[in-house]
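Engineer: just the structure for this:
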Amino acid sequence: MPLSFPPWNDEHEMLRKTVRDFTESRLTPHRYEWDKARSFPVREVFKEMGELGLLGIRFPEEYGGLGLDWWYTTAYVEELCKSLNGGVIMSTLVQTDMATPVVAEIGTPEQCEEFLVPVIKGEYIAALGITEPGAGSDVANITTTATKDGSDYIINGAKTYITNASVADFIVLAVRTGDEGHFGISLVLFPTNTPGFSVGRKLDKLGTHSIDSSEIHFDNCRIPQRYLLGQENAAFIHIMKNFQGERLVAALMGTAGMEIQLADCIEYGKTRQAFGRPIGKFQVWKHKFAEHLTSTAAAKLLTYRAVDALNNLDDATLYVSQAKLHVADLAQKVAYDCLQFHGGYGYVEEYDICRAYRDVRLLPIGGGTSEVMKEIIAKWSGL
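Structural biologist: Residues are numbered from 1 along each chain as shown. Below you'll find the predicted structure:
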């Protein structure tokens, strides 16, 4: 029975079809080879997505975006997940929903023309530079500095776990411009062709193999002060707000992934035989999947509540944190059981569940760990 809670209409379905057709024809068939190659043709893919209007769903129309809301992003993420490749999904969502929304929110018209317009067209690749070797979830303690020198900033420091780093044209970069703590942090737009910038190790990750997560270094990098995003020393609140979108798309990825994995298992269980009958007919698995189908449906409703809150410009921090925590942890259990259901085949790379099992482990870590989500939920619940 269709849900009446999401306001799906013909326009949402048109967007779904566009994303689904592109994903199934252009992305899904390459899921094995791109993971094995540890890369994918990101510029080519993003250019094609830009031509289809898929890289600017919520961005203002004056910059080439579609000016739509979070329900359209929801449809986009759910269909993009059918690429069955966590690296491609992550790289694309960094481009559309993690690195760039803050540019549209607080960037000047000149900054949006220079950086956001080519992102929406698929001509520029964006990255988000927050995490440092000594400051992951503890954003207030970043140490990469931006020091004024005339009309420029001189940037020194390092970041790590930066998705798209090796291919990015620019980085939305968190830097320290003031005193220690929350109130000394700024955001700048950092072109990666700046002298003194370098990409270090591409980290050898457990999953999301088809896109890099790299260390990056800044050695007396000079950029003009006009690349400051918003007010100096006032970026912490914008970083926290930007995290809400990042965490919400992570929850959407998780719910879509669980639905895909469970559907795949149910079909596999109809044909795989053991002890003279399809393995999906054994009660232990029928009950296990009944539990997971129910839990996934509940997780989806929790996530949709967060979409609705964020879409209505409410403070969605509690709802988003709950959705991210619940979905990320549940996704581990679902992927574990789906791989176990496949037996030895689940341990083989040619089966989608093998890759999904690796990729999904990022969800309770990236964008704020499950432990941080619990702290946020406790605070907002008055505990």
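Engineer: any idea how far Ala328 is from Arg305?
Structural biologist: 16 Å (CB to CB, to the nearest Å). C-beta coordinates here come from the backbone N, C-alpha and C atoms, glycine included.
Engineer: what does Ala356 give?
Structural biologist: 14 Å.
Engineer: picking up where we left off before, comparing Arg305 and Ala328, which shows the higher neighbour count?
Structural biologist: Ala328 (27 against 16; other CB atoms under 10 Å).
Engineer: double-check that that one belongs to a strand.
Structural biologist: No - Ala328 is assigned helix when assessed by DSSP: H, G, I helix; E, B strand; the rest coil, not a strand.
Engineer: does it touch Gly254 like I think?
Structural biologist: Yes - the criterion here is CB atoms under 8 Å, and Ala328 meets it with Gly254 at 5.9 Å.
Engineer: name the residues contacting each of those two.
Structural biologist: Leu363 (CB atoms under 8 Å, 6 or more residues apart in numbering).
Engineer: now do the SS call for the nearest residue to Thr192 once chain neighbours are set aside.
Structural biologist: Among residues not flanking Thr192 along the chain, Ala168 sits closest, at 5.4 Å (CB to CB, 6 or more residues apart in numbering). Taking three-state DSSP as the rule, one finds Ala168 in the coil state.
Engineer: how near is Ala168 to Gln261?
Structural biologist: Applying CB to CB to Ala168 and Gln261 gives a distance of 31 Å.
Engineer: again with Thr96
Structural biologist: Taking CB to CB, one finds Thr96 at 24 Å from Gln261.
Engineer: and if you look at Ala174?
Structural biologist: When Ala174 is compared with Gln261 (using CB to CB), they lie 34 Å apart.
Engineer: what do you get for His287?
Structural biologist: His287 is 17 Å from Gln261, by CB to CB.
Engineer: neighbour-wise, which of those two wins?
Structural biologist: Between His287 and Gln261, Gln261 has the larger neighbour count (other CB under 10 Å), namely 25 against 10.
Engineer: chain center to the lowest-mean-pLDDT helix or strand in the chain: distance?
Structural biologist: Lowest on mean pLDDT, DSSP states H and E among the helices and strands of the chain sits strand 273-274, with a mean of 86. Relative to its chain's centre, strand 273-274 lies at 38 Å (CA atoms, centre = their mean, to the nearest Å).
Engineer: go on, stretch 359-375?
Structural biologist: Here stretch 359-375 shows a centroid-to-chain-centroid distance of 12 Å under the convention CA atoms, centre = their mean.
Engineer: kindly report the same for stretch 230-249.
Structural biologist: On CA atoms, centre = their mean, the centre of stretch 230-249 falls 15 Å from that of its chain.
Engineer: contact partners of that stretch?
Structural biologist: 70, 73, 77, 93, 97-98, 101-102, 105-106, 130, 139-140, 174, 177-178, 182-187, 229, 303, 306-307, 310, 316-317, 320-321, 323-324, 367-368, 373.
Engineer: those in strands, which ones?
Structural biologist: Within the contacts of stretch 230-249, residues falling in strands by DSSP state E are 174, 185-187, 229.
Engineer: do a quick rundown of the strands in the protein.
Structural biologist: 126-129, 145-149, 152-163, 170-176, 185-191, 197-202, 213-224, 228-229, 273-274, 277-278.
Engineer: what pairs with the third one, and is each one parallel or antiparallel?
Structural biologist: Strands adjacent to strand 152-163 in the sheet, as given by DSSP bridges, are strand 145-149 (antiparallel), strand 213-224 (antiparallel).
Engineer: what's the answer for the first one, then?
Structural biologist: Here strand 126-129 has these sheet partners by DSSP bridges: strand 170-176 (parallel).
Engineer: between the partner strand and strand 185-191, how many degrees?
Structural biologist: 150 degrees (axes from the mean of the first three to the mean of the last three CA atoms, to 10 degrees).
Engineer: just want the angle from strand 170-176 to strand 197-202.
Structural biologist: Going by the same axes, to 10 degrees, strand 170-176 makes 100 degrees with strand 197-202.
Engineer: quick one: contacts of strand 170-176?
Structural biologist: 99-100, 102-103, 115, 124, 126-130, 139, 142-146, 153, 155, 157, 159, 162, 165, 184-192, 216, 229, 235, 239.
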